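Asks: next comes the sequence, and after it the predicted model I'd like to discuss.
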Amino acid sequence: MPRSDRQQPRYLVIKQFLSERIQSGEFAPNHQIPPEEALARQFGVSRMTANKAIRDLVQEGYLIRQAGLGTFVTDRKAESPLHDIRNIAEEVRLRGHDYANRIILCEAIEADDEVALRLGVRVNSSVFHTILIHLENGIPIQLENRYVNPRWVPHYLETDFSRQTPNEVLVANCPISDLEHIVEAVLPDPQAAAWLEIQQEEPCLSVIRRTWSADHLISYARLLHPGGRYKLRSAMPG
């Protein structure tokens, strides 16, 4: 049986109150939330309890404190860390949003010069190639163009990518031990712009990602994100 508000820790009640208003858009990006003192009075709790709720939402990226001004709702674009690899479907669902994808291409091809160099295979050797569009609440947030060495993931193309993302398949078969990211700002080509449902003049974030499992180079991917919908984050472990 679900716990009632009376049974929940009080900070969670405040956190839920704020989260629901952020998710609904009632508290839009840059909206200033009520101060700790007001929330404490409203919910009949200590200021420390209200502070705990706000602190949690700051840590999760929903709120930002500005010294001397107050606490505001962030412009929470889709966000991905650079120092590790997360399943984009999980990222989207953790934000409380709906994830879906569109499968554009799923095939075996012969590696050209660039793919062979990036993937560490011989030119014209067979590699697996997939193109997917990842969506958050029906809006495209990433174009994934991926090449996989079939030697290490032989059943890759047999995957139902509507149920499992390429990332999930790779991690399940070859736990990632190392990765490389190259990030730059680019303009999309006409096909990419059409797939992402943006104008060609809209700047995008391009990420070239290579992943290893032990000493094996497993995958080379070109990831393209509309700059207005996505951001990348890097943090050194504390």
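Replies: Arrived safely. Numbers count the residues shown, from 1 in each chain.
Asks: the strand or helix carrying R41 - contacts with which helices or strands?
Replies: For R41, the host element (DSSP states H and E) is helix 36-43. Applying 3 or more Cβ pairs under 8 Å, 6 or more residues apart in numbering; DSSP states H and E, one finds that helix 36-43 contacts helix 10-24, helix 47-59. Where you see a C-beta, it was placed from the backbone N, CA and C, and this is true even at glycine.
Asks: what is the mean pLDDT for the last one?
Replies: Right, helix 47-59. Per-residue pLDDT over helix 47-59 has a mean of 89.
Asks: can you pull the pLDDT of P81?
Replies: The model reports P81 with a pLDDT of 51.
Asks: now do the helices in this protein.
Replies: 10-24, 36-43, 47-59, 88-94, 113-119, 166-173, 190-196 (DSSP state H).
Asks: other residues contacting the last one?
Replies: Under the contact criterion Cβ atoms under 8 Å, 6 or more residues apart in numbering, helix 190-196 has outside partners R102, I104, I133, P140, L143, P188, Q199, Q200, E202, C204, L224, P226.
Asks: for the fifth one, same thing?
Replies: Residues from elsewhere that reach helix 113-119, judged by Cβ under 8 Å, 6+ apart: 111, 121-125, 127, 147, 149, 208, 210, 217, 219-220.
Asks: farthest pair within these?
Replies: Maximum pairwise distance among these (Cβ to Cβ): 21.8 Å, between N124 and I208.
Asks: chain center to stretch 48-57: distance?
Replies: In this view, stretch 48-57 has its centroid 25 Å away from the chain centroid, taken as Cα atoms, centre = their mean, to the nearest Å.
Asks: and it, what's buried?
Replies: Neighbour counts over stretch 48-57 (16 or more other Cβ atoms under 10 Å) mark T49, A50, K52, A53, I54, R55, D56, L57 as buried.
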